[in-house]
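> I would like to see how this sequence folds:
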Amino acid sequence: MFDWFGIWQELPHFAQFTSVLFVVNLIIALTIIFLERKNPSATLAWIMILFLLPIAGIIFYFLFSQNIARKKIFRLTRAEEEAIDGSLHQQMREIKEGSYHFANPEAELWKDMIHLNQLYGEAYYTQNNRITIMTGGRHKFRTLLRDIENATTSINIMYFIIKNDAVGRRFIEALTKKAREGVEVRLLMDAMGSRQINDRVLKDFIEAGGKRAYFFPPKFKIVNIRFNYRNHRKLAVIDGEVGYIGGFNIAREYLGMKKKFGYWRDTHLRVMGSCVQDINARFLLDWRFAAKEKLAVSQAYYSDVIEVGNTGVQIVSSGPDSDRVKVKRAYLKMISSAQKNIYLQTPYFVPDASILEALKMAAQSGVDVRIMIPCVPDHIFVYWATYAYVGELIHSGGRAFIYDKGFLHAKTIVVDSEVASVGSANFDRRSFTLNFEANAFIYDGEEARRLEAIFEKDMEECHELTLELYDNRSLWIRFKESVARLLSDLL
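Below is the predicted model:
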């Protein structure tokens, strides 16, 4: 019998180190293949990283590849499940039987998508809503602060990024003031995105009676090694009557106050109506998990009807705790059902094969497919992967526009002047499978046309990336695209 340990001891130190490194990488590779069950392209990408860059590969793996898929972290009580499922299935039956009255024609045209979001996305449909579209950070921030100032009973706030800068401090001061007045204030932050905020920064807020929680806080106080599975949602509910959902976070750059990005172009919704209860329920589920506070989520679902308009809305949320890609599936339904046009804005366009093929097929079928991306990269690898996938779409007949005025952070899609989506989910694999996201799907021709008009107005601040311009790009750009696309499953 071979004395493997003795043989290893006789090797030079460098050879000992190399052999240990090989074994560690092999164990990680086998773990990825047999235990984590990633998709084949992601598995191959990880194996390539591990064996081409063995030391960096191990570090990247522990930073980016924790796997919580299919681990149920947002739990409902049996009574809550019965109440929610009962309301949802009753609505589905009424729509199927034809007894449900749709408040606007667009919703009836898209009732198959409503059914998809009910069945697959577990999203209730409400149609008594009124929405306000906000595209400027200063406008959104002023409006939110005004609603916070007018709050009388409760404020539930969740953001991916809150920074300890002038804007973040002004926001925390407003919440602190309301907590002192006796308003019940809950503040939920992603521990990675809002890493500048801690209990020391929130000292006055906590002493005033405000409640705070951090989503997936680090196990070690100094370093958070969980880069994946971040809570990317941006939600707010004031007094259970006014809700916010969209792409803006809380920091100077989102108000266009950072020179690096210049003007910040984003999209956020202020909503009133029954969909606010669905936004609040999403918040309460996340809060219960992060804060371990026992709250009755079912009270936020489908309670008293608030009649303020006739816009149809479904709030669809998704995350890596489930193998259901709920927001992506709704995006895919919109794209595959388009007959006239698709207007898409996203800062990151790293789609999987199904989304990319659906967009290419739509363009090749004569649908007017337009995508708008930023000219200013904030994540360089993602930017060049975006450029590569946009090029493929252009070659299939789509049109691409590069936003030159500043940084485009909006996550919107509008189809056929009838249906639209605004939320936190980008058109990339991170949003589809690795982050917790929430989007509002809107069934209303007037609001869809308003979003189309905003897109067309934004085109005035763009230059078009034509097929000729793309094909004449330099060899250096082609190289960067190739590397970024090779790693796109890990971005």
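> longest strand anywhere in the protein?
strand 125-136 (DSSP state E).
> Val350 and Ser431 touch, don't they?
No: checked against Cβ atoms under 8 Å, the pair Val350 and Ser431 is beyond contact range at 9.2 Å. Quick note: C-beta positions are derived from backbone N, CA and C, even for glycine.
> related to what we said a few turns ago, show me what counts as buried in the longest strand of the chain.
Using 16 or more other Cβ atoms under 10 Å as the burial criterion, the residues of strand 125-136 that qualify are Tyr125, Thr126, Gln127, Asn128, Asn129, Arg130, Ile131, Ile133, Met134, Thr135, Gly136.
> residue boundaries of the strands in the stretch 201-350 of the chain?
Secondary structure of the stretch 201-350 of the chain (DSSP state E, counting those that start in this stretch): strands at 211-215, 235-238, 242-246, 263-272, 311-318, 341-345, 349-350.
> So for Tyr403, which of these sits nearest?
Tyr403 sits nearest to strand 263-272 of all those, at 6.4 Å, using Cβ to Cβ.
> ok, back up a step: dump the strands of the stretch 201-350 of the chain into JSON lines; add mean pLDDT, mean neighbour count and distance to Asp147 as well.
Formatted as JSON lines, those follow (pLDDT from 0 to 100; neighbours: other Cβ atoms under 10 Å; distance: least, Cβ to Cβ, whole Å):
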{"stretch": "strand 211-215", "mean pLDDT": "97", "mean neighbour count": "20", "distance to Asp147": "19"}
{"stretch": "strand 235-238", "mean pLDDT": "98", "mean neighbour count": "26", "distance to Asp147": "5"}
{"stretch": "strand 242-246", "mean pLDDT": "98", "mean neighbour count": "26", "distance to Asp147": "5"}
{"stretch": "strand 263-272", "mean pLDDT": "97", "mean neighbour count": "24", "distance to Asp147": "8"}
{"stretch": "strand 311-318", "mean pLDDT": "97", "mean neighbour count": "26", "distance to Asp147": "18"}
{"stretch": "strand 341-345", "mean pLDDT": "98", "mean neighbour count": "24", "distance to Asp147": "25"}
{"stretch": "strand 349-350", "mean pLDDT": "92", "mean neighbour count": "26", "distance to Asp147": "33"}
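> got these as CSV, with distance to Met257 columns?
Converted to CSV, the strands of the stretch 201-350 of the chain look like this (distance: least, Cβ to Cβ, whole Å):
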stretch, distance to Met257
strand 211-215, 25
strand 235-238, 21
strand 242-246, 19
strand 263-272, 9
strand 311-318, 30
strand 341-345, 22
strand 349-350, 26
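> can you tell me how far the residue nearest to Asp416 when sequence neighbours are not counted sits from Tyr124?
Spatial nearest neighbour of Asp416, excluding adjacent residues (Cβ to Cβ, 6 or more residues apart in numbering): Lys340 at 4.8 Å. Using Cβ to Cβ, to the nearest Å, Lys340 is found at 28 Å from Tyr124.
> Same drill for the two, tell me which one is more crowded.
For Lys340 versus Tyr124, neighbours defined as other Cβ atoms under 10 Å are more numerous around Tyr124 (23 against 11).
> my guess is Arg212 meets Ile206, correct?
Yes: with contact defined as Cβ under 8 Å, Arg212 counts as touching Ile206 (6.7 Å).
> what is in contact with those two at once?
Asp199 (Cβ atoms under 8 Å, 6 or more residues apart in numbering).
> From the structure, what's the count of residues near Arg324?
Close neighbours of Arg324, defined as other Cβ under 10 Å, add up to 14.
> give me the low-pLDDT residue ranges for this protein?
1-72, 220-226, 298-306, 377-381, 486-491 (pLDDT under 70).
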